[in-house]
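Peer 1: Next come a sequence and a model predicted from it.
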Amino acid sequence: MDDKDKKIIGHLMDNGRVKLAFISKKVGLPITTVHNRLKRLVSQGIIAIRAEPDRKKLGYGLESYVLVNIDSSSKNIDQTKTAEKIAKIKGVIDVVIVTGSKDMILRISSKDIADLKETVLKHLRDIEGVASTETLVVLDEMHGDKKKLL
């Protein structure tokens, strides 16, 4: 990946629907070259093109993180399989297995506090192997500059 690829990715991060002609002009490459580079970046898995819905506009205005501990006393509990089960719960956006005092961190989008309560108490805690949970409700959110990765 060279500087031209990074510039192409940067323009797509600003606006995923930006026209190739615009990127071509900004990067100083022919449209065909931009198209081929973009196709290569996708095929190599460096970037993914997808729609990201605005969950708040879809009625899921409550965002939370749930810290999960897995019952490690049972040899029958497979943490990865448990994470896969958790990922299927409605509203669970991300499941990450982590090191430290917690085993997993979940990002959950809920309609409201009652919806979150149902997700945690009736769905999450019913999964075999989930020993405990701690729920953190998001009050506000700031996003870092993802372009710094380029």
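Peer 2: Cool, the structure landed. Nothing here was measured: the structure is a model prediction, and the numbers come from that model.
Peer 1: Helices of this structure, start to end?
Peer 2: With DSSP state H as the criterion, the chain has helices at 3-14, 20-27, 31-43, 79-87, 113-118.
Peer 1: Of all these, which one is nearest Lys102?
Peer 2: When these are compared by CB to CB, helix 79-87 sits nearest Lys102, at 11.8 Å. In short, each C-beta sits where N, CA and C put it, glycine included.
Peer 1: Any buried residues in the closest one, and which?
Peer 2: 82-83, 85-86 (16 or more other CB atoms under 10 Å).
Peer 1: Max pairwise distance over the residues you listed: which two?
Peer 2: Of all pairs in the buried residues of helix 79-87, the most separated under CB to CB is Ala83 and Lys85 at 7.3 Å.
Peer 1: leaving aside the residues next to it on the chain, what's closest to Val18?
Peer 2: Spatial nearest neighbour of Val18, chain neighbours left out: His11 (5.4 Å); criterion: CB to CB, 6 or more residues apart in numbering.
Peer 1: If we ignore the residues flanking it in sequence, what's nearest the residue nearest the centre of the chain?
Peer 2: Centrality entry for the chain: nearest residue to the mean C-alpha point is Asp94, 5.4 Å, by CA atoms, centre = their mean. Nearest non-adjacent residue to Asp94, counting by CB to CB, 6+ apart: Arg107, 4.2 Å away.
Peer 1: got the contact list for the one you found?
Peer 2: Arg107 sits next to 63-65, 92-94 when contact means CB atoms under 8 Å, 6 or more residues apart in numbering.
Peer 1: Mark which of the residues you listed are buried, thanks.
Peer 2: Judged by 16+ other CB under 10 Å, buried ones among these: 63-64, 92.
Peer 1: Let me have these in a markdown table, extended by pLDDT and distance to Arg37.
Peer 2: Shown next, in a markdown table, are these (pLDDT from 0 to 100; distance: CB to CB, whole Å):
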| residue | pLDDT | distance to Arg37 |
| --- | --- | --- |
| Glu63 | 97 | 35 |
| Ser64 | 98 | 39 |
| Val92 | 97 | 35 |
